[in-house]
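Q: Sequence first, then the predicted structure:
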Amino acid sequence: MRRSLGTARRAPQAAARVLALAAVLAASGVVAGTASAAGGRPDGQASGLQLAYTCRSAAGREHAAAQITVHFPATGTAGKPVSPGNAQVALTVPRAALSARPGHHHRATVTGDALLAVGISAGGKSSMTVWPGLAIPATHLPARGTVTLTATGAVPPITPTAPGKVAVTAAGLLMVIRPHEAPRVVRPGPNQPAPSPSANTSPPSAPAGVRLACTPAPGQNATLATLLITGKKTPSHRAQQAPTTGKCPKLPPGGLKFNPRFPLPKKIHAPGTQVLHFPSQGCAYTTGYADARKLKGAALLTPALTNVEENIREVVNFNPKVDYADLDNAAQLDFHGLHEFPPSEATFLTFGFVPTTASIALVEHGTINIYAIGPAGVQGSNCKPNAFRPCESIATVNSRLSVRIIPGSVNANGVPLDVGPRCETSQFDAIAIGTSASNPPYSIQFGGPLTGTVNIPSFHNCGVGENLNLIFNAAISGPQNFTLLTQGDLCSQSNANGCDPKTGKPIIPTPLRKVSN
């Protein structure tokens, strides 16, 4: 199902951090599951597995019960995906756990998303993966008592690399519950002009969602299935760990690397801090408005496809006094193999009175680093800022760019100008910020608004036989050019979540014109 960009139902947190949360929960639960793996069902099937969980939310800790239904085949072959098909997780929790703040109760209809962390044990070694994209349909909350939240969806296959028995165990569970109804974000009409983007106040967002972070009670048999794998041992390649269903550009060998120009956030030094590595691929379109401050106007950017490798590094700490998550991701623009935005046409008044039209391209130099820092658990009114992080999730998108004028695209007052093949600026840093506290909110998984200001350097090498640098320097170059970008849903390469259901490709978002903080 296509998710609507900019609606408040998207939860005020970065979904990339949600994956890390499940990863950490799994790290605590996978040991118990692996220890009891020998007792798994011999036919490799599991249906209606009952588990006790302890769930943490802003309202406190509550005991809960989950029924997990998933069907694996009994056997598989090394090096080939083994698909469990659909999974269902029905979690029964006290109504009080779904209150936005302790002691606050009201009748409501909610919806949401869930993911289940899953341990995989084979040959004495254990690993972990997550099953995201489980959808919770509209569910009515009673005033008191308990409520059952049922999440269903397709889950990605696993690819065993060696023959023998493979045990699959349930571990951490995360549910993000949101109000079923959300305010509508007004979109510009097709014939409206592209004014300078702004950060003016827009209508307030819907109430914040509720996060249930659940860990299985110890001492249970959490085995979902025990598979008998035949065949020969195969190398463990990235492609085997992430079978492709979404249609994203291929990653370079070894995946994307961080841009060394933008250092990773420093690892916090606090007891209980874990550094994890669970990379996965997705891609998304980004469009928006690039302000030219001198002209008091903006250029509408042609949607650009961005390859993203999520969660290359995760630094997390669930100690309530620390409550920290840092998700580090790398990205790269892809326009027919070129690392740049597609050409965008801009019209401006040079020297205040000469109409000039040109096509420009934003060229990427090195990869794009995306760092998302915020709470690992409690958010909203119950969150208290500490020395490690703020209460909202803040994603910082760091890129090194230059502006290039497309040859043959320039007209001044209707007269073509030959700017030559290398009319461009020097490289400059472009830093954009997205936050879960904005309206609409931003997250890497579900997109949203990214804002920032850039200082555009002077142009050089413009003109053939005459110096045309002055035209572009007068109209474009200069400091404090505000930018409002809109990222679309991240299309997952492994399970096609966030992709167009018909094409399997990422969805182009409608550019936002306003965002409020």
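A: Here it is on my side, so go on.

Q: which stretches of this protein have low pLDDT?
A: Scanning the chain for pLDDT under 70 picks out the ranges 1-47, 100-107, 126-128, 181-209, 234-246, 294-297, 349-354, 377-382.

Q: where exactly do the helices run in it?
A: Per DSSP state H, the chain has helices spanning 15-35, 238-241, 469-475. These are given in chain order.

Q: Run a quick neighbour tally on the residue nearest to residue 273 when sequence neighbours are not counted.
A: Leaving out its chain neighbours, the residue that sits closest to residue 273 by Cβ to Cβ, 6 or more residues apart in numbering is residue 317, at 4.5 Å. In short, each C-beta sits where N, CA and C put it, glycine included. Using other Cβ atoms under 10 Å, residue 317 is surrounded by 22 other residues.

Q: Please apply the same query to residue 85.
A: 11.

Q: OK, contacts around it?
A: By Cβ atoms under 8 Å, 6 or more residues apart in numbering, the contact list for residue 85 reads 70, 71, 154, 155.

Q: What of residue 86?
A: Going by Cβ under 8 Å, 6+ apart, residue 86 touches 70, 152, 153, 154, 155.

Q: Distance check, it against residue 69.
A: Distance from residue 86 to residue 69, counting by Cβ to Cβ, to the nearest Å: 9 Å.

Q: partner residues bridging residue 316?
A: Beta bridges link residue 316 to residue 274, residue 325, judged by DSSP bridges.

Q: so it sits right up against residue 322, yeah?
A: No: contact criterion Cβ atoms under 8 Å: residue 316 and residue 322 do not qualify, at 9.4 Å.

Q: the more surrounded of the two?
A: A direct count of neighbours by other Cβ under 10 Å for residue 316 and residue 322 places residue 316 higher, at 25 against 21.

Q: and residue 232, how many neighbours?
A: So residue 232, with other Cβ under 10 Å, has 10 neighbours.

Q: I figured it hits residue 80, correct?
A: No: counting by Cβ under 8 Å, residue 80 is not a contact partner of residue 232; they are 11.4 Å apart.

Q: circling back to that earlier point, quick one: which of the contacts of residue 85 sit in strands?
A: Mapping the contacts of residue 85 onto strands (DSSP state E) picks out 70, 154.

Q: Can you say which of the contacts of residue 85 are buried?
A: By neighbour count, with 16 or more other Cβ atoms under 10 Å, the contacts of residue 85 hold 70, 154, 155 as buried.

Q: joint contacts of residue 316 and residue 322?
A: Counting by Cβ under 8 Å, 6+ apart, the contacts common to residue 316 and residue 322 are residue 273.

Q: re earlier: return the closest of the contacts of residue 85 with respect to residue 413.
A: Lowest distance from residue 413 to the contacts of residue 85 (Cβ to Cβ) belongs to residue 154, with 56.8 Å.

Q: From residue 387, how far out is the residue of the chain most remote from its centre?
A: Computed with Cα atoms, centre = their mean, the residue of the chain farthest from its C-alpha average is residue 465, at 47.9 Å. Computed as Cβ to Cβ, the residue 465 to residue 387 distance reads 60 Å.

Q: Repeat that for residue 345.
A: According to Cβ to Cβ, residue 345 and residue 387 sit 48 Å apart.

Q: Ok, residue 308 next?
A: From residue 308 to residue 387 the distance is 30 Å (Cβ to Cβ).

Q: before we move on, what about residue 366?
A: Taken as Cβ to Cβ, the span from residue 366 to residue 387 is 31 Å.

Q: do the same with residue 79
A: Going from residue 79 to residue 387 by Cβ to Cβ gives 47 Å.

Q: Over to residue 171?
A: Here the criterion is Cβ to Cβ. By it, residue 171 lies 30 Å from residue 387.

Q: Between these two, tell me which one has more neighbours.
A: Legend: neighbour count by other Cβ under 10 Å for residue 171 and residue 387, higher for residue 171 (29 against 9).

Q: Wait, that one touches residue 217, no?
A: No: Residue 171 lies out of contact with residue 217 (Cβ under 8 Å); the separation is 11.9 Å.

Q: what residues are shared contacts of those two?
A: Common neighbours of residue 171 and residue 217, using Cβ under 8 Å, 6+ apart, do not exist here.

Q: Is residue 286 bridged to anything, and to what?
A: Beta-bridge partners for residue 286, by DSSP bridges, are residue 304, residue 487.

Q: residues in contact with it?
A: 301, 303, 304, 306, 450, 485, 486, 487, 488, 509.

Q: What's the PyMOL syntax to select whichever of these are buried?
A: Listed next is the PyMOL selection for buried residues among the contacts of residue 286, using 16+ other Cβ under 10 Å:
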select buried, resi 301+303+304+306+450+485+486+487+488+509
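
Q: and the contacts of residue 286, which two are the farthest apart?
A: For the contacts of residue 286, the farthest-apart pair by Cβ to Cβ is 303 and 450; their separation is 13.9 Å.

Q: Compute the number of surrounding residues for the closest residue to residue 407 other than its chain neighbours.
A: Excluding the flanking residues, the one nearest residue 407 by Cβ to Cβ, 6+ apart is residue 421, at 5.3 Å. Using other Cβ under 10 Å, residue 421 has 13 other residues around it.

Q: and the gap between residue 421 and residue 462?
A: Residue 421 is 10 Å from residue 462, by Cβ to Cβ.

Q: In the stretch 1-150 of the chain, mark out all the strands, start to finish.
A: Remark: strands assigned in the stretch 1-150 of the chain by DSSP state E, counting those that start in this stretch are 46-57, 60-70, 75-77, 86-94, 108-122, 125-141, 146-154.

Q: With distance to residue 474 added, can I get these in CSV?
A: Formatted as CSV, the strands of the stretch 1-150 of the chain follow (distance: least, Cβ to Cβ, whole Å):
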stretch, distance to residue 474
strand 46-57, 56
strand 60-70, 61
strand 75-77, 66
strand 86-94, 60
strand 108-122, 49
strand 125-141, 49
strand 146-154, 54
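
Q: Out of these, which is the most enclosed?
A: strand 108-122 (a mean of 23; mean count of other Cβ atoms under 10 Å).

Q: helices and strands around it, which ones?
A: Counting contacts by 3 or more Cβ pairs under 8 Å, 6 or more residues apart in numbering; DSSP states H and E, strand 108-122 packs against helix 15-35, strand 86-94, strand 125-141, strand 146-154, strand 164-179.

Q: That one pairs with which strands, parallel or anti?
A: strand 125-141 (antiparallel), strand 164-179 (antiparallel).

Q: Break this protein down into its domains, please.
A: Following automatic domain parsing, one finds the domains of the chain at 8-238, 280-492.

Q: buried residues in stretch 401-413?
A: Residues of stretch 401-413 classed as buried: 401, 402, 403, 404, 405, 406, 409, 410 (neighbour count, 16+ other Cβ under 10 Å).

Q: ok, so of these, who is nearest residue 444?
A: Within the buried residues of stretch 401-413, the smallest distance to residue 444 is 19.7 Å, found for residue 401 (Cβ to Cβ).

Q: Was I right to think the closest one contacts residue 428?
A: Yes: contact criterion Cβ under 8 Å: residue 401 and residue 428 qualify, at 6.2 Å.

Q: any residues in contact with both of these two?
A: Counting by Cβ under 8 Å, 6+ apart, the residues touching both residue 401 and residue 428 are residue 454.
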